[in-house]
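# generate a structure from the sequence data that follows.
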Amino acid sequence: MSVVRLTLVAVLGGAAAIPSLYAQQQTGTSATAAHSRVIASDADILALIKQRVDEKRSAGIVIGVIDADGRSRVVAYGDPGPGQPPLDGNSVFEIGSISKVFTATALATLVQEGKVRLDDPAQKYLPSTVHLPTRDGKAITLGNLSMQNSGLPRMPSNFKPADASNPYADYSVQQMYDFLSNYQLTRDPGAEFEYSNLGVGLLGHVLSRATGMSYEELERQRVWAPLGMTNTAITLTPWMKEHLALGHDEQGHVVSNWDLPTLAGAGAIRSTTNDMLKFLDANLHPERGGLQRAMAFAHEERTAAGNMMIGLNWLSTHAGTDTIVWHNGGTGGYRTFIGFEPSRKVGVVVMTNTTGAGADDIGFHLLDPALPLAPAPAPPKQRTAIDVRADVLARYVGAYQLAPNLTLEVTLKDGALYLHPTNQATMRLWPESETDFFLKEVDAQLTFVRDAGGAVSAVVLHQSGQNATAPRVRSGG
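Model prediction:
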């Protein structure tokens, strides 16, 4: 799925942003060659992440590896942020949307114990005053929420954060209920994959109601405590605060942590690489017990997800004769990845403390060297602002629809144009010409387009080598 982005997007990053490199493995590697591969040495991993940090693509990176013999290793390099201890396996990161596979693991344990069913309507566990949408007589089930085919959008339209630096903090349960009760599905539940933070956040909320405990306590009792994940939580303990790797934006500035009280199941968990290796190891060994069998149940491929398959939130990519089971995550200052090959009993965790830096290509490459690393981005072009008359700028004021849930609001104040994307910070537009403008906060540019009659009809966003057209849907303020 293609994703339109601008800056500090106030939605969780995650598996919707799937680079095409995952589909570039065209021919099968022989089974013998595949199973003889070993994950790179510590020296090679260190060289890889040192290059990333030195190129300023990430402040710091910690990588955890489980080899085929069951041994685990941790390699770390980079900047943990001012006043924090050096990066290592105990450094705490926001794991973002990797939280979704923890939600799926809790769901799988409840299913295996007969306490809930995948085909249970989610409505069953909500207050009678909340009316979850249906379509053609089909209800949204717990399975739909976990397989990302509920028909619910990526984010609710009433998500309007007061603080863009901590965007989920003030989104309430009542707001979620209001949105769900008034939303009309555009397709049947189960019909099509669409990555939805709302859907998995709702799933975590539903499981909390079904068990009578908070989402955090649900995960602690069912997953973290049994696996000895003592430094994994939503609410940071004093020890976790002391060991926190501070998040950074793409310009290298320290940013705020994110809190997700309502949509916790979609991305609220914080953890260490050492703890994530415990979780990874358990996922590699379904023969060990009930929790591990539930994990394997969650891995099972159930339906298509673009060029991949999806189980219960876990995604599967087929690379030659191997299957990589994985998920990624991202919040305002972090990008993370977890992936493993069940047949080879190997796995990788990648934790970075910079948004936009990317962790996925590293994880995939370590699991399968035939999958390439992403090249370093070209340095942004140096741009010079010019003066443009206010009456010319006034022509561009209005709203432009970039995506179903993303509108670009353009306003004029004190002789300057400003851009306000839905749920994002307002940024000034700097003119390079009468029609071409650039942003200073992020490497992105906009070109306003006129129709045959000379009226402004659209704006084109240029970012990350892509051009996305947003038709004008409203003129004026």
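# check which element follows the host helix or strand of residue 325 along the chain.
Using DSSP states H and E, residue 325 falls within strand 322-330. Per DSSP H and E, strand 322-330 leads on to strand 335-341 as the next helix or strand towards the C-terminus.
# report the angle between that next one and strand 322-330.
Put simply, strand 335-341 runs at 160 degrees to strand 322-330, going by axes from the mean of the first three to the mean of the last three C-alpha atoms, to 10 degrees.
# what helices and strands are in contact with strand 335-341?
Helices and strands touching strand 335-341, by 3 or more C-beta pairs under 8 Å, 6 or more residues apart in numbering; DSSP states H and E, are helix 273-283, strand 322-330, strand 346-352, helix 360-367. Using the backbone N, CA and C atoms, a C-beta is placed for each residue, glycine as well.
# out of those, which is closest to residue 172?
Checking the helices and strands packed on strand 335-341 against residue 172 by C-beta to C-beta gives strand 322-330 as the closest, at 23.2 Å.
# which other helices and strands contact that closest one?
Using 3+ C-beta pairs under 8 Å, 6+ apart, strand 322-330 is in contact with helix 99-112, strand 315-319, strand 335-341, helix 360-367.
# possible to save these as a markdown table with distance to residue 147, mean pLDDT and mean neighbour count?
Shown next, in a markdown table, are the helices and strands packed on strand 322-330 (distance: least, C-beta to C-beta, whole Å; pLDDT from 0 to 100; neighbours: other C-beta atoms under 10 Å):
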| stretch | distance to residue 147 | mean pLDDT | mean neighbour count |
| --- | --- | --- | --- |
| helix 99-112 | 9 | 98 | 26 |
| strand 315-319 | 11 | 91 | 20 |
| strand 335-341 | 19 | 98 | 26 |
| helix 360-367 | 21 | 96 | 23 |
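# do you know which of these lies nearest residue 204?
Nearest to residue 204, of the helices and strands packed on strand 322-330 and by C-beta to C-beta, is helix 99-112 at 4.9 Å.
# just want the angle from the closest one to strand 322-330.
Using the same axes, to 10 degrees: helix 99-112 against strand 322-330 is 120 degrees.
# over to the residue lying closest to residue 417 once chain neighbours are set aside: give its phi and psi.
Excluding its sequence neighbours, the residue lying closest to residue 417 (C-beta to C-beta, 6 or more residues apart in numbering) is residue 429, at 4.1 Å. Per-residue torsions, residue 429: phi -100, psi 130 (degrees, to the nearest 10).
# what angle do the strand holding residue 325 and helix 273-283 make?
Using the same axes, to 10 degrees: strand 322-330 against helix 273-283 is 140 degrees.
# which residues sit against the helix or strand hosting residue 225?
Secondary structure from DSSP H and E places residue 225 in helix 225-227. For helix 225-227, the external contacting residues (C-beta atoms under 8 Å, 6 or more residues apart in numbering) are 275, 278-279, 282, 291.
# now do residue 57 against residue 366, distance only.
16 Å (C-beta to C-beta, to the nearest Å).
# thought residue 68 was touching residue 38, still the case?
Yes: using C-beta atoms under 8 Å, residue 38 is in contact with residue 68, at 7.2 Å.
# quick one: low-confidence residue ranges for the stretch 351-477 of the chain.
Scanning the stretch 351-477 of the chain for pLDDT under 70 picks out the ranges 357, 477.
# hey, where'd the helices end up in it?
360-367, 390-393 (DSSP state H, counting those that start in this stretch).
# okay, the ones you listed in JSON lines with distance to residue 234 next?
Output for the helices of the stretch 351-477 of the chain, formatted as JSON lines (distance: least, C-beta to C-beta, whole Å):
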{"stretch": "helix 360-367", "distance to residue 234": "24"}
{"stretch": "helix 390-393", "distance to residue 234": "45"}
